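Asker: No sequence on hand, only this structure:
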């Protein structure tokens, strides 16, 4: 289609001018065709996807966000990672490697904890051995003092989970029958024990024990009062001999903690006793090791 454009000369300048102003739509039409062409070129370029690069990007994003892989088979379509063979293998290998690293880390952590436990056990064993050595020194001092007073046979020693136990058999030479008053030989024994304890800082517990025979006379209505009174008497004597009262404690157990069963002939004389216990100040787990460190059984025989 052709269009005739009539032009007229200006009277003065001689230039052409348009005859019809409404023909400007041709310029707009041309601009629109240009824009459409650019749009189709962009759409065409976007449709040419590099599949390998796109799948790599997809796998990286899936791993980063912890989501299952999605495989794109064509522009605009997608299937789950189960259909993407090679991609699933990559994800499975990554998951397996991650699990192996986690297991290895847990194994190393457990090994570190085991090593720490062994170190703690070794330290406790050393501390228990050192505590036993200290108790042995106290024992030697008490034995030497008792020998000077010819009273070695009245005292026995053992180490249990509490500490060093010095057992004074409360025969008729220590306490009178159904009495809590120390006799002269009893005072001599307690006085031999006191000097070895003065130089230490450990707390000391004095425990009173009786045999199974009931109290039939005297000021005490039962073995409970009698055993407690005897322990208190020993505590007062130790205080008199220079042991700080804050370190001492008295307890009575009557016949409830016997060394020998009632059927044993020794029970009448040997269950009747006062125990001066030099308490260990170690932690409970280390104190439990004291009997074995001393080569003794934790159970009193």
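Answerer: That came through, no problem. On a predicted model such as this, the values are computed, not experimentally measured, just so you know.

Asker: all strands for this protein, in order.
Answerer: Counting by DSSP state E, the chain has these strands, from start to end: 70-74, 77-80, 155-159, 163-169, 204-209, 248-252, 273-279.

Asker: Go ahead and confirm residue 127 touches residue 280.
Answerer: No: contact criterion C-beta atoms under 8 Å: residue 127 and residue 280 do not qualify, at 9.7 Å. In short, each C-beta sits where N, CA and C put it, glycine included.

Asker: Comparing those two, which shows the higher neighbour count?
Answerer: Legend: neighbour count by other C-beta atoms under 10 Å for residue 127 and residue 280, higher for residue 280 (24 against 19).

Asker: Report the contact partners of the more buried one.
Answerer: With contacts defined as C-beta atoms under 8 Å, 6 or more residues apart in numbering, residue 280 is in contact with 131, 162-163, 202, 286-287, 290.

Asker: Can you get me a residue count around the closest residue to it other than its chain neighbours?
Answerer: Among residues not flanking residue 280 along the chain, residue 163 sits closest, at 4.1 Å (C-beta to C-beta, 6 or more residues apart in numbering). Residue 163 sits with 23 neighbouring residues when counted by other C-beta under 10 Å.

Asker: Ok, the one 5 residues further on next?
Answerer: Other residues near residue 168 number 22, with proximity taken as other C-beta under 10 Å.

Asker: now do residue 136
Answerer: Neighbours around residue 136, by other C-beta under 10 Å: 14.

Asker: just the one 10 residues further on next, same as before
Answerer: A count of nearby residues for residue 146, using other C-beta under 10 Å, gives 19.

Asker: what's the distance between it and residue 217?
Answerer: Distance from residue 146 to residue 217, counting by C-beta to C-beta, to the nearest Å: 31 Å.

Asker: How about residue 255?
Answerer: Plainly put, residue 255 is 17 Å away from residue 217 if you go by C-beta to C-beta.

Asker: Which one's more surrounded, these two?
Answerer: More crowded of residue 255 and residue 217, by other C-beta under 10 Å: residue 255, with 19 against 8.

Asker: Could you list which residues are in contact with the more buried one?
Answerer: Contacts for residue 255 (C-beta under 8 Å, 6+ apart) come out as 209-212, 223, 271.

Asker: ditto for residue 247
Answerer: With contact taken as C-beta under 8 Å, 6+ apart, residue 247 is in contact with 201-204.
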